[in-house]
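need coordinates for the following:
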Amino acid sequence: MSAEIIRAENIYVPGTHHPRLDEIAISVRAGEIHAIVGPNGSGKSTLLNVLAGEIKPTGGSVTWPSSSSPKPSPRHQAQQRALLAQATPMTFPFVVRDVVSWGRYPWRGTDEQRHDAEAIDQSMLETDICDLAAQRITELSGGEQARVHLARVLAQRAPVLLLDEADATLDAAGRAQLDAVISNRRNAGDAIVVVSHDLGRIAALADQVTLLARGRICRHGRAAETLTAPILSEAFGVPMRIVTSWSG
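Sure, this is the predicted structure:
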């Protein structure tokens with residue numbers, strides 16, 4: 001079994017009408033794509049931000065068993081995990097390559113800084129934005145901006161990649177490209193946590209799935225065991241069925 005990278009236990013985050021998260025336990029391992037799915041308001045983004053250290057839970061704990069530091073500094077955390085938030089509004093006309101270069105900030109003053117140019121170039125190539133390098137990000141479409149921010153977190157070269165609906169503004173080609181990128185990261189031994197509403201893609205892509213509803217875990221396990229019609233119907237509150245298509 002692959003090494004455990006992040007462990008969350010008994011996570012509790014309060015909410016207005018019901019807890020945003022309640023008694024959540026989740027384990028993220030190296031070399032796996034772990035998907036967090038569920039209806040709107042189920043706590044997916046909250047959980048991702050708890051794992052990232054952006055939200056401090058009222059109860060429970062998040063630990064990094066693989067880390068040499070029991071209480072990593074913000075800089076050390078940034079070297080260990082890269083977070084792509086659900087929305088990253090840009091109101092100033094920064095040049096695309098400069099935006100991608102922000103992903104290298106955690107490594108300034110370290111030996112890894114010598115790899116800055118290589119990391120930036122590689123991430124822009126992976127996301128197919130090399131031809132946008134000199135453009136202003138405010139001049140780009142929503143899908144193009146999404147690819148720029150994906151390149152930024154890839155350039156960070158952290159062993160844990162946390163993506164909150166990174167596919168939301170991408171077209172079919174962009175989503176296929178995103179799937180290839182994160183599959184490559186998994187194959188390289190990184191851990192990827194993905195929040196998405198695209199259950200069909202997740203079923204084909206993810207190694208592990210955590211299904212949330214109203215801040216609690218409904219099911220956790222392999223995609224084939226978790227994303228079934230009865231389980232999804234219960235979680236989403238509407239009848240759902242699984243359709244399999246093939247050619248030939």
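
contacts for the helix of greatest length in the chain, please.
Ordering each helix of the chain by length in residues (DSSP state H) puts helix 172-187 first. Under the criterion CB atoms under 8 Å, 6 or more residues apart in numbering, residues 31-33, 126-128, 143, 146-147, 150, 154, 161, 163, 166-167, 170, 192, 194, 198, 201, 205, 207 lie in contact with helix 172-187. (Each C-beta comes from the backbone N, C-alpha and C, glycine too.)

also stretch 136-145?
For stretch 136-145, the surrounding residues in contact (CB under 8 Å, 6+ apart) are 88, 90-96, 99, 129, 132, 148, 169-171, 174.

filter those residues down to the buried ones, PyMOL style.
Selection command for PyMOL covering only the buried members of these, criterion 16 or more other CB atoms under 10 Å:
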select buried, resi 94+96+99+129+132+148+170+174
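
where does the protein dip in pLDDT?
Low-confidence segments of the chain (pLDDT under 70): 1, 66-71, 243-248.

the helices in it, which residues?
44-52, 74-80, 96-101, 116-126, 142-155, 172-187, 199-205, 223-226, 229-236.

list the helices and strands the third one packs on?
It refers to helix 96-101. Applying 3 or more CB pairs under 8 Å, 6 or more residues apart in numbering; DSSP states H and E, one finds that helix 96-101 contacts helix 116-126, helix 142-155.

which of the ones you listed sits most buried?
Among the helices and strands packed on helix 96-101, the stretch with the highest mean neighbour count (mean count of other CB atoms under 10 Å) is helix 142-155, at a mean of 22.

just how off-centre is that one within its chain?
Distance of helix 142-155 from its chain centroid, counting by CA atoms, centre = their mean, to the nearest Å, is 13 Å.

same check on stretch 31-50?
Taking mean C-alpha positions (CA atoms, centre = their mean), stretch 31-50 and its chain are 8 Å apart.

which parts of that stretch are buried?
31-39, 41-50.

equivalent analysis for stretch 219-226, please.
Under 16+ other CB under 10 Å, the buried positions of stretch 219-226 are 219, 220, 223, 226.

for stretch 187-205, same thing?
Quick answer for stretch 187-205 (16+ other CB under 10 Å): 190-196, 198-199, 201-203, 205.

pick out whichever of the residues you listed sits closest to residue 215.
residue 195 (14.5 Å; CB to CB).

now the buried residues of stretch 219-226 as CSV including distance to residue 120?
Converted to CSV, the buried residues of stretch 219-226 look like this (distance: CB to CB, whole Å):
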residue, distance to residue 120
219, 40
220, 36
223, 33
226, 37
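
out of these, which is nearest to residue 59?
Using CB to CB, these come closest to residue 59 at residue 220, 19.4 Å.

from residue 174, how far out is the closest residue to that closest one other than its chain neighbours?
Leaving aside its sequence neighbours, residue 220 sits nearest to residue 210 (CB to CB, 6 or more residues apart in numbering; 4.8 Å). Computed with CB to CB, to the nearest Å, the distance linking residue 210 and residue 174 is 25 Å.
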